[in-house]
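A.B. asks: Turn this into a structure:
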Amino acid sequence: MTLRGAGAAAQTAATAEAQVAQAELRAAAERAAERAAHAWSEIPAGRALVDGAPGLTRASDELRDDARGQVRAWQAYVMDLVRTEGAAKRTTARLASLGVNGAGLTVMLAVFASTGGITGLEAVVAGGTSAVGHKLLEALLGDQAVRSLAARARDDLTERVDNLLREETERFAAVLDGKAPEPEAVARLHGAIDAVRRAS
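C.D. replies: Below is the predicted model:
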């Protein structure tokens, strides 16, 4: 496989993986919203909250666009990592032969493979491409640098996903805003309960 062929195959695999990652993220958010709404619905007060905010039973409409944007931002981050690492190692000319895109895509594939994002037939298709690109990257940047790039890319992706899911969680917190009793009212209620217990 030529460098150009490896780069094109890596691009195709990375694009497919980005779409799979977005779909998996949305599916996970859908399942989480459904479970949380179901748990709330198990008690009368929670059921009233869910009934008053029907959108809680599924992921927000904004999640799809937000996930797409975060995946694209992550891909750009990985490309910058590879470009910076190549410049630091003074391998810019050699890296150019593989292409920053090809090198970055190889790092992305490594991250997807290590997080379980590539499965079945995708692993077979991407495996050969990733292996060729990985070996080239190791030759250009060194084994430790490639591992470091993949770890940094994985950490950044994890942080982006955590932030997206935190935004989804905040929808539930927003429903509770203004619904909880004032702390003084809670204290008065506890005082009344204690007084009844003492009296009986």
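
A.B. asks: any weak-confidence spans in this protein?
C.D. replies: Confidence mapping of the chain against pLDDT under 70 gives the ranges 1-14, 86-142.

A.B. asks: mind listing the helices in it by residue range?
C.D. replies: Listed from the start of the chain, the chain has helices (DSSP state H) covering 3-41, 44-52, 62-88, 92-98, 100-114, 120-141, 143-176, 183-199.

A.B. asks: Kindly format the C-alpha coordinates of the last one as PDB.
C.D. replies: These are the backbone C-alpha positions of helix 183-199, laid out as PDB (Å, rounded to 0.1, in the frame of the first residue of the first chain):
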ATOM      1  CA  PRO A 183     -33.900  25.200  53.600                       C
ATOM      2  CA  GLU A 184     -35.800  27.000  56.400                       C
ATOM      3  CA  ALA A 185     -39.000  25.100  55.400                       C
ATOM      4  CA  VAL A 186     -37.100  21.800  55.600                       C
ATOM      5  CA  ALA A 187     -35.700  22.700  59.000                       C
ATOM      6  CA  ARG A 188     -39.300  23.600  60.200                       C
ATOM      7  CA  LEU A 189     -40.600  20.300  58.900                       C
ATOM      8  CA  HIS A 190     -37.900  18.300  60.700                       C
ATOM      9  CA  GLY A 191     -38.600  20.300  63.900                       C
ATOM     10  CA  ALA A 192     -42.300  19.400  63.600                       C
ATOM     11  CA  ILE A 193     -41.500  15.800  63.000                       C
ATOM     12  CA  ASP A 194     -39.300  15.700  66.100                       C
ATOM     13  CA  ALA A 195     -42.000  17.400  68.100                       C
ATOM     14  CA  VAL A 196     -44.600  14.800  67.000                       C
ATOM     15  CA  ARG A 197     -42.200  12.000  67.900                       C
ATOM     16  CA  ARG A 198     -41.500  13.400  71.300                       C
ATOM     17  CA  ALA A 199     -45.200  13.900  72.000                       C
END
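
A.B. asks: What is that helix packed up against?
C.D. replies: For helix 183-199, the packing partners by 3 or more CB pairs under 8 Å, 6 or more residues apart in numbering; DSSP states H and E come out as none at all, with no helix or strand in contact. Every C-beta, even on glycine, is put in place using the N, C-alpha and C of the backbone.

A.B. asks: burial of residue 176, as a residue count?
C.D. replies: Taking other CB atoms under 10 Å as the neighbour definition, residue 176 ends up with a count of 10.
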